[in-house]
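> compute the structure for the input listed below.
(2 chains)
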Amino acid sequence: MKKLSHLLAAGAAALTTGLTALPTQAAQGSCSEPIVFGTTISETGPFSTLADRWRKMTEVFAEEVNKSGGIAVKACNKKLPLKFVVYDDQSVPATAVALFEKMATVDKVDFFVGPDWSSLGGPVPPVAEKHKIPMVMANVATPSVYDRGLKYVWGTPFPVVPNWSVRYFDMLSKVSPKPQTIFFITHDNPVMKGITATWSKKAEAQGLKVLGNETFSSELKDFTALIAKVRAAKADVIYISSYDNASVPLVQQMRQLKVRAMDVHHTMLTGALSRQVGKDIEGMTGELSWYPGVKGAYSDLVETVMKRSDVSMFDYIWTLSRLTSYLAMIQGIEKAGVVDREKVKEALFKATIKSPAGDVTFDERGFPNTSAFTVQMSGGKVNVVWPPEVSTAKLVWPSPSWK
Amino acid sequence: MEVLLQVLIGGILLGGLYALVAFGLSLIYGVVRILNFAHGTLLAVSGVLASLAYSGWQMHPVLIVALLAPLLFVCAYGYYHVLLRPLARRSHFEATVGTVLVTVGTLMILSDLTAVAAGATQRNIPLRLEALEFGDIVVSTTQLLILLGIAVLTVVMHLILKRTWFGRAVRAVTQDPVGAQICGVQSTRMKALTFAFGSATVAIAAVLYVLSFPVDPYMGFGLTVKAFTIIVVGGVGNLPGALLAGIFLGVAEGLTGLYWKPEWAPALSVILMLLMLVAYPKGVGAKT
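Got it, this is the predicted structure:
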C-alpha cells in the first residue's frame, strides 16, 4: 500500500513537472511538421462587415500556398506546408487577447498574423512579446501602437497615414488644368483628423491654397451649413477625409445642393459608400491599396485567393493588408531559412518585403511605409488612374460630374 | 448673405421634419401621459423598412406609407394593451419607472433586431428631383415637396383633433379623463387608440425623413430627444406650436453649423431644452 502511494506520488510529481515543463511553443526547427500561423478575425461584432469573409479567404490562401508545396525552408532543404489556427475575436479587444494567449499556450502556434484594427492592435502585441512569438499585424495603422519598444511585432496596414494620399497629391501636381485651391472636410475621428492634419500641410507645401477645414460628427445628418461654406469657398478640390458610412449624407447632399469642383476626393471610396449613395459617387476619386489587374509580386496568388473566396477589394478594402501580413510572415521565414522564432524576428527587423502593391519596408519600430493607388469612379466602375504606369483607365480631369 | 439664406432654407426644411416626428410623441404624451423613449427608434426602424421596400420592390413612397401606417397602428395598439396598460394598475412611481423601462427596452430591442436583420449601415430613399437654383442659392425640390406635405399634414391633424369626434374625445381625455368617462368616452380605449394613432404618424414621418436623410437602426434616441425639445418649446398637444418649434430648432442647428461648428449642432437640442425648461416650464405655447 505504501509502495503504491509512493508510486502515485512520484507519478503525480512527474506529471506536474512534465506539465509545467511543457514547451509553450511548437517544435521549432522541425522539418516534418506544418508551419502554423495563429490569427483572429473579426467575424462578428462591429467590425465584422469589413472582415466577415476572411476566414474562407485565409483557408483558401493556405490551400493555394500549399499547392506549390508550402513555405521554402532552407535548413530543411524543402518546403513545409502552411496551416492556420483561426478564431473569431468578435471585434472585442479582451477576447482577442485571450485568444492569442490560447494560441500561444494551448494551440502552440509557430507565428502570429493579424489582428486588425487599432483597438485590438493596442492590447494584443504584449501577448506576442511575452511569449516571444513574432507577429505581423494587419490593419493596425495607428503609429503610436508601434512606439512601445516592441521587438516581435510588425504591421502591414495599407495605407499608413503619412503616405495616405501621396499618389493623389502627386497627381494634383501633374494634371492640367492645375488646381490652385483645396477645401478639407473631416470626419471627427482620430485617424481622419490625422490624415487631414498631414495632408493639409503637404497641400500647402505643394502650393495649394487651403480655403477651409470643416469637421463633422457621425451623428450629423443635415450638412446644409457645411456645404454652404464649401460652395461659397469655390475650391478647385474638395478633400473628404472620412469613413465611408459617416459621409453618406454629406455626399448625397453635396449632389443635391449642386457643389462644383474640379474633383471631389474621398479617403475611403468603398463599395459600401457606392451602394449607399448610388450614382452620386460618379466621378469621385479616392484611395485603394491595390486592385486586381495591377501586377506586382504575389499579385496572381492574391487575385486567385480573392476570386476563390469571393472577396472584392472594393467591398473589403482592408483585404490587402490582411493578406500582406501572411505574405510578410512567409517571407520572414524564407529569409530566416529556418522555422525559428528568433531567427524570423531577426529576418523581419527593418526588412523589405514584397507585396502586390510594391515593396514594403519596415522601420525599426515595425511600422511600414505602405501607400495607396488613386482610383476614380467612372461609369459605375472603380478604376486605378494614378500612377499612370499601373493605371487601369485614363484619369478624367476635371471631373465632368462635378462641373 | 447667400450662405445665410441657404442655411435658413435648409433649417426650415429640416425643422419641418423634426416637427413631424414630434407630432405623434406630443399627442401620445398629451393623452396617455407616457414618455415614449422608443418613438424616434420606431421612426428609424420604419425608415429602414421603407428604404428596403423602395430598393427591393421599387415601391412608391406613398404606397409605402399606405402599408406602413396601418401596420404600425395595429402593432402599437397591441403593444399598448400588452405592455403599457397593465402598468396603469401600479402606483404612480412604479408606473412611471415601468414605462421608462418598457420603452427604453423596446428602443434597444428594436435597434438590435433591425441591425441584425437589415444591417447597421445607413439607408435612404434616393429619389431625386431637379433642384431649383436662384443665383447662388439652391433649394432641393424634394425637400420643398416634403415641407409642403408636412404643412398639409399639420393642418389635417389639427382639423382631426378640432372637428372630429375622435379629436374631441382625445381632447376630453387629455383635459379630464374622469369627466370624459362619465360622458361616455372610454378613456382606456381612447388612450390605446391615441397611442396607436401617434405611432402610425411615425410611418409618414419616417418615409418623408428617408427621402431627405439616411437612417440607421441606432439613430432613434437622438430624434426622440429633438422631439422632446420641440414639445417642451411648442407645448404639449399644440401641433402648430410644434411645427414652429421644429423650424426654430432646425434653423438654430443650421446657424450653429454656420457660425460655430457643425459637430455641435446635434447637442444644441439638449441645450435648448434645458434653457426652455428653466425659462418656460410649461412651454411657450402650452395647451391643455
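
> okay, CA-based contacts and neighbour counts for the rest of this
Noted.

> ok, residues contacting stretch B:113-132?
A:245, A:248, A:256-257, A:276-277, B:45, B:47-48, B:50-51, B:54-55, B:138-142, B:210-218 (C-alpha atoms under 8 Å, 6 or more residues apart in numbering or on different chains).

> and chain A, which of its residues are near chain B?
A:188, A:214-217, A:219-226, A:228-229, A:232, A:245, A:248-249, A:256-258, A:276-277 (C-alpha under 8 Å from any C-alpha of the partner chain).

> of the residues you listed, which belong to helices?
Cross-referencing those against helices under DSSP state H gives A:224-226, A:228-229, A:232, A:248-249, A:256, A:276-277.

> which two among those residues are spaced furthest apart?
Pairwise distances across these peak at 26.9 Å for A:Ala232 and A:Gln276 (criterion: C-alpha to C-alpha).

> the more surrounded of the two?
Counted by other C-alpha atoms under 10 Å in any protein chain shown, A:Ala232 and A:Gln276 do not tie: A:Gln276 has more neighbours, with 22 against 12.

> can you count the residues close to B:Thr164?
The burial count for B:Thr164: 11, using other C-alpha under 10 Å.

> gap between it and B:Gly184?
16 Å (C-alpha to C-alpha, to the nearest Å).

> could the ones in helices among the residues of chain A next to chain B be laid out in TSV, adding pLDDT?
As requested, these are exported to TSV (pLDDT from 0 to 100):
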residue	pLDDT
A:Thr224	87
A:Ala225	87
A:Leu226	91
A:Ala228	89
A:Lys229	90
A:Ala232	89
A:Val248	89
A:Pro249	89
A:Gln256	86
A:Gln276	81
A:Val277	85
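
> can I have the buried ones of those as a PyMOL selection?
Paste this into PyMOL to select the buried members of these, with burial taken from 16 or more other C-alpha atoms under 10 Å in any protein chain shown:
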select buried, chain A and resi 224+225+226+228+229+248+249+256+276+277
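
> what residues does the stretch 151-288 of chain B put near chain A?
So the stretch 151-288 of chain B meets chain A at B:213-214, B:219, B:254-255, B:257-258, B:261-263, B:265-266 (C-alpha under 8 Å from any C-alpha).

> distance to A:Pro159 added to the ones in helices among the residues of chain A next to chain B, as TSV?
Listed next are these as TSV, based on distance: C-alpha to C-alpha, whole Å:
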residue	distance to A:Pro159
A:Thr224	31
A:Ala225	32
A:Leu226	28
A:Ala228	32
A:Lys229	30
A:Ala232	32
A:Val248	22
A:Pro249	25
A:Gln256	31
A:Gln276	24
A:Val277	24
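
> just give me the closest of the ones in helices among the residues of chain A next to chain B to A:Pro126.
Checking these one by one against A:Pro126 (C-alpha to C-alpha), the nearest turns out to be A:Val248, at 37.2 Å.

> how many neighbours does the one residue in the stretch 51-200 of chain B that gets nearest to chain A have?
Relative to chain A, the nearest point of the stretch 51-200 of chain B is B:Val138 (5.7 Å; C-alpha to the nearest C-alpha). For B:Val138, the neighbour count with other C-alpha under 10 Å is 20.

> who's in contact with it?
A:257-258, B:6, B:131-132.

> can I have the buried ones of the contacts of stretch B:113-132 as a PyMOL selection?
Per 16+ other C-alpha under 10 Å, the buried members of the contacts of stretch B:113-132 correspond to this PyMOL selection:
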select buried, (chain A and resi 245+248+256+257+276+277) or (chain B and resi 45+47+48+50+51+54+138+139+140+141+142+210+211+212+213+214+215+216+217+218)
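
> just the strands in the stretch 51-200 of chain B please.
Counting by DSSP state E, counting those that start in this stretch, the stretch 51-200 of chain B has strands at residues B:132-134, B:137-139.

> try the stretch 201-350 of chain A
Under DSSP E, counting those that start in this stretch, the stretch 201-350 of chain A gives strands at A:209-216, A:237-241, A:263-266, A:285-288.

> contact partners of the longest one?
Where contact means C-alpha under 8 Å, 6+ apart, the residues beyond strand A:209-216 that reach it are A:180-188, A:200, A:203-204, A:226, A:230, A:233, A:235, B:261-263.

> just stretch A:94-102 next, same as before
Counting by C-alpha under 8 Å, 6+ apart, residues outside stretch A:94-102 touching it are A:38-40, A:87, A:89-90, A:115, A:120, A:123-124, A:127.

> now swap in stretch A:390-401 and tell me
By C-alpha under 8 Å, 6+ apart, stretch A:390-401 touches A:175-177, A:261-263, A:282-284, A:293-295, A:376, A:383-386, A:388.

> what is the end-to-end distance of it?
Across stretch A:390-401, first to last residue, C-alpha to C-alpha, it's 24 Å.

> same question for stretch A:169-186.
With C-alpha to C-alpha, one end of stretch A:169-186 sits 17 Å from the other.

> repeat that for stretch B:208-217.
Stretch B:208-217 end-to-end distance (C-alpha to C-alpha) = 17 Å.

> do stretch A:111-131 as well
10 Å.

> report the buried residues of it.
A:111-118, A:120-122, A:124-128.

> just flag the most distant two among the residues you listed.
Greatest spatial distance among the buried residues of stretch A:111-131 (C-alpha to C-alpha): A:Phe111 and A:Ser118, at 20.0 Å.

> below-threshold pLDDT in chain A: ranges please.
Counting by pLDDT under 70, chain A shows low-confidence ranges at A:1-27, A:29.

> can you list the residue ranges for helices in it?
A:2-20, A:48-51, A:54-67, A:93-105, A:118-121, A:125-131, A:166-174, A:190-205, A:224-233, A:248-256, A:271-277, A:299-308, A:319-336, A:341-348.

> state the distance from the closest residue to B:Leu272 other than its chain neighbours to A:Met135.
In space, and not counting its chain neighbours, B:Leu272 is closest to B:Thr229: 7.1 Å by C-alpha to C-alpha, 6 or more residues apart in numbering or on different chains. Distance, B:Thr229 to A:Met135, by C-alpha to C-alpha: 52 Å.

> same question, B:Ile28
58 Å.

> of all the residues of the stretch 151-288 of chain B next to chain A, which two lie farthest apart?
Top of the distance list for those (C-alpha to C-alpha): B:Met219 and B:Leu258, 23.1 Å.

> so the two - more neighbours on which side?
Higher neighbour count among B:Met219 and B:Leu258: B:Leu258, with 21 against 18, using other C-alpha under 10 Å.

> which other helices and strands contact the helix or strand hosting the more buried one?
Secondary structure from DSSP states H and E places B:Leu258 in helix B:239-259. Under the contact criterion of 3 or more C-alpha pairs under 8 Å, 6 or more residues apart in numbering or on different chains; DSSP states H and E, helix B:239-259 touches helix A:224-233, helix B:2-32, helix B:141-163, helix B:220-234, helix B:265-279.

> what's the offset of stretch A:258-266 from the middle of its chain?
27 Å (C-alpha atoms, centre = their mean, to the nearest Å).

> the residue lying closest to B:Met157 once chain neighbours are set aside: how many residues sit nearby?
Excluding the flanking residues, the one nearest B:Met157 by C-alpha to C-alpha, 6+ apart is B:Leu239, at 8.0 Å. Other residues within reach of B:Leu239, judged by other C-alpha under 10 Å, total 26.

> quick one: B:Leu239 and B:Leu153 touch, right?
No: using C-alpha atoms under 8 Å, B:Leu239 is not in contact with B:Leu153, being 10.2 Å away.

> buried deepest among the helices of chain A, which one?
helix A:319-336 (a mean of 24; mean count of other C-alpha atoms under 10 Å in any protein chain shown).

> grab the nearest non-local neighbour of A:Asp379.
Rather than Asp, residue A:379 is Gly. Setting aside the residues directly before and after it, A:Gly379 is nearest to A:Glu282 in space (C-alpha to C-alpha, 6+ apart), at 6.9 Å.

> OK, contacts around the one you found?
A:Glu282 neighbours (C-alpha under 8 Å, 6+ apart): A:377-380, A:401.

> returning to that earlier point: dump the residues of the stretch 151-288 of chain B next to chain A to CSV, plus pLDDT.
Formatted as CSV, these follow (pLDDT from 0 to 100):
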residue, pLDDT
B:Phe213, 86
B:Pro214, 87
B:Met219, 87
B:Gly254, 86
B:Leu255, 86
B:Gly257, 82
B:Leu258, 83
B:Lys261, 79
B:Pro262, 76
B:Glu263, 74
B:Ala265, 78
B:Pro266, 74
